[in-house]
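Engineer: could you look at this predicted model? Sequence included:
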Amino acid sequence: MDKKETLRSDLKKVAYYPGCALEGTGHAYNRSTKKIGRKLGLDLVEIKNWNCCGAMEVKNIDPEIQNYLSIRNLTIAKHQMGMDVVMAPCNGCYHNLKKAEHDVTHREETRKTMRKMTERTGDAEYKAGEVETIHALDWIKHAIGEKNLKKQVKKSLKGLRIANYYGCMYTRPRHIFPEKDQGPDSESTNNPHFMDDLLEAAGADIIQNFPLKTACCGGAHTLSDSDTSTRLVLNILKTAEVCGANVIATECPTCHSGLEMHQIRAEKILGIKTKPVMLYFTQLLGLALGLSARKVGIHENVSNSFPLLRKQGLIWSNFQKSNRKSNTWRPILKLFPIQTQSSWHWEKIFWSCGCRRGESNQHTANTKGFDFWLCIDRVPSKTRHF
C-alpha cells in the first residue's frame, strides 16, 4: 500500500540560508540545491546580508554569542523579508539555527543576551516561534514528496547502490528537533529516512538500514586530530563498501568534504583504498531530473564519479559528446577581457571536447545541451563560476 504523503504549500517559497561552507568547499551543494529547486518549481530567496551561524568554533568561546549569530539570520528572514520558513542545507547551520530557536524558547539567559545584542545593533527583537528552520531534505520531502518527484524523473538512478550518510548533527541532540519522531510522515532521529525515500523515488537501489548513517565523520577534528578523523571516515567507507554500495550520498558539506579528503588520506597514509564515490543527494536528484553534470556541479567534487555515472548512462560519454578525440582543443573565435590586480589584459579561452578532470583551472560550459570542460588560465576566482 502506498505511503500517505502530507505536502505543505507554504514550502514552495522559503528563505534560503546557504551558510559559509556552501560558498566555499560546498559550492557544488549550493549549485545543485538551487538548480533542483528551480527544476521542481520551488522558490529559494536568499537571506539578505546573512552572517555565519558560528559554526563549531564560537560555541567553545561563548554559546550565547553563537545563538545570537544564528538568531540574527532568522530575524532578517522574518522582519526584513517577511518569511516564516528558513531552509538551511548544511547540517551545522541547520543544527545551530535549531539550537538557537530552542534556547530562545526555553532559556531566559539566552533571551537576555538577545535583547542586549539587539539594543546594541538596532536589529528587531526576535520572538520564539516566529520562524521555522528546516533542512533541504525536509524542503523537498514536504514540498514535493516522493510521488510527485517520481513523476518528474527523466533518468532513473537504477544501477546506483547508494548508502545514505546523514551525519551526526542532522538528528542530535534530539531535544532541539521536536518535529522529528512524530509519526511515519516525520523524520526519525534514530533511523532517518528522508534521503532514502527521495533517492529511492528517483530509482536508486538504497542500502536499507545502513548501520553508520548517523555516525560521526570526525569533521570537527579534521585539523586538530586528522588521524582520528581519517579512521572514523574509513570506518564509514569500508562499511558502505561491505554493504555493496558504490555511492555514498551526503547532505552536509562538512561531511562530504571529510569523506572525500580522508578517503584519499586513508589510501596515502594507511594504504587502504575504498571504492565508493561521494555525491550530494541534490546532485543525484538533479541528474535524475534531467539536469546536466555541469549544472549540478559534479566537476566540483573531489571524488571522481564520472566513470560510474557514464557507465549507468546518467551522463554522456566522451564519444557521445563529440566525434573528435577528447584531448583536442579548438579556440573560441573571440577574446575575453580578464581583469587582474594590475591591469586589464586579454586571454584566449579554449574548449575541450570531453569530460576532462584535472587542474583546478578547468571549468565547464554548456553548448546545445552537451557539457564540455573549459580551461581558463589565470582567471580571478570571482569570475570562475558560470
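Structural biologist: Thanks, I have it.

Engineer: what's the closest non-adjacent residue to His27?
Structural biologist: Leaving aside its sequence neighbours, His27 sits nearest to Glu300 (C-beta to C-beta, 6 or more residues apart in numbering; 5.9 Å). All C-beta spots, glycine's among them, are computed from the backbone N, C-alpha and C.

Engineer: now do Ile236
Structural biologist: For Ile236, ignoring the flanking residues on the chain, the nearest one in space by C-beta to C-beta, 6+ apart is Leu212 at 5.0 Å.

Engineer: same deal with His256?
Structural biologist: Excluding its sequence neighbours, the residue lying closest to His256 (C-beta to C-beta, 6+ apart) is Thr250, at 4.2 Å.

Engineer: contacting residues around that neighbour?
Structural biologist: Applying C-beta atoms under 8 Å, 6 or more residues apart in numbering to Thr250 gives the contacts Tyr165, Gly167, His256, Leu259, Met278, Leu279, Tyr280, Phe281.

Engineer: can you check Glu200 too?
Structural biologist: By C-beta under 8 Å, 6+ apart, the contact list for Glu200 reads Glu146, Ile206.

Engineer: if we go to 10 Å?
Structural biologist: Glu200 sits next to Glu146, Leu149, Lys150, Leu157, Ile162, Asn164, His193, Ile206, Gln208 when contact means C-beta atoms under 10 Å, 6 or more residues apart in numbering.

Engineer: let's verify the second one: helix, strand, or coil?
Structural biologist: Recorded secondary structure, Leu149: helix (DSSP: H, G, I helix; E, B strand; the rest coil).

Engineer: strands of the stretch 1-150 of the chain, start to end?
Structural biologist: 13-16, 43-46, 85-87, 132-134 (DSSP state E, counting those that start in this stretch).

Engineer: a markdown table for these, including distance to Thr189?
Structural biologist: Output for the strands of the stretch 1-150 of the chain, formatted as a markdown table (distance: least, C-beta to C-beta, whole Å):
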| stretch | distance to Thr189 |
| --- | --- |
| strand 13-16 | 23 |
| strand 43-46 | 26 |
| strand 85-87 | 19 |
| strand 132-134 | 15 |
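
Engineer: tabulate those (JSON lines), appending mean pLDDT.
Structural biologist: Listed next are these as JSON lines, based on pLDDT from 0 to 100:
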{"stretch": "strand 13-16", "mean pLDDT": "98"}
{"stretch": "strand 43-46", "mean pLDDT": "98"}
{"stretch": "strand 85-87", "mean pLDDT": "98"}
{"stretch": "strand 132-134", "mean pLDDT": "98"}
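
Engineer: including distance to Ala77 and mean neighbour count, could the ones you listed go into TSV?
Structural biologist: Listed next are the strands of the stretch 1-150 of the chain as TSV, based on distance: least, C-beta to C-beta, whole Å; neighbours: other C-beta atoms under 10 Å:
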stretch	distance to Ala77	mean neighbour count
strand 13-16	4	22
strand 43-46	9	14
strand 85-87	5	24
strand 132-134	9	23
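
Engineer: and the closest residue to Lys238 other than its chain neighbours, how many neighbours does it have?
Structural biologist: Leaving aside its sequence neighbours, Lys238 sits nearest to Thr274 (C-beta to C-beta, 6+ apart; 6.1 Å). Applying other C-beta atoms under 10 Å, we find 18 residues neighbouring Thr274.

Engineer: ok, now how distant is Thr274 from Glu23?
Structural biologist: Computed as C-beta to C-beta, to the nearest Å, the Thr274 to Glu23 distance reads 29 Å.

Engineer: equivalent analysis for Arg115, please.
Structural biologist: Distance from Arg115 to Glu23, by C-beta to C-beta: 31 Å.

Engineer: so what's the residue nearest to Leu289 when sequence neighbours are not counted up against?
Structural biologist: Of all residues not flanking Leu289 in the chain, Lys39 sits nearest, at 5.0 Å (C-beta to C-beta, 6+ apart). Shown in contact with Lys39 (C-beta under 10 Å, 6+ apart): Gln152, Lys154, Leu285, Gly286, Leu289, Gly290, Leu291, Lys295, Val296.
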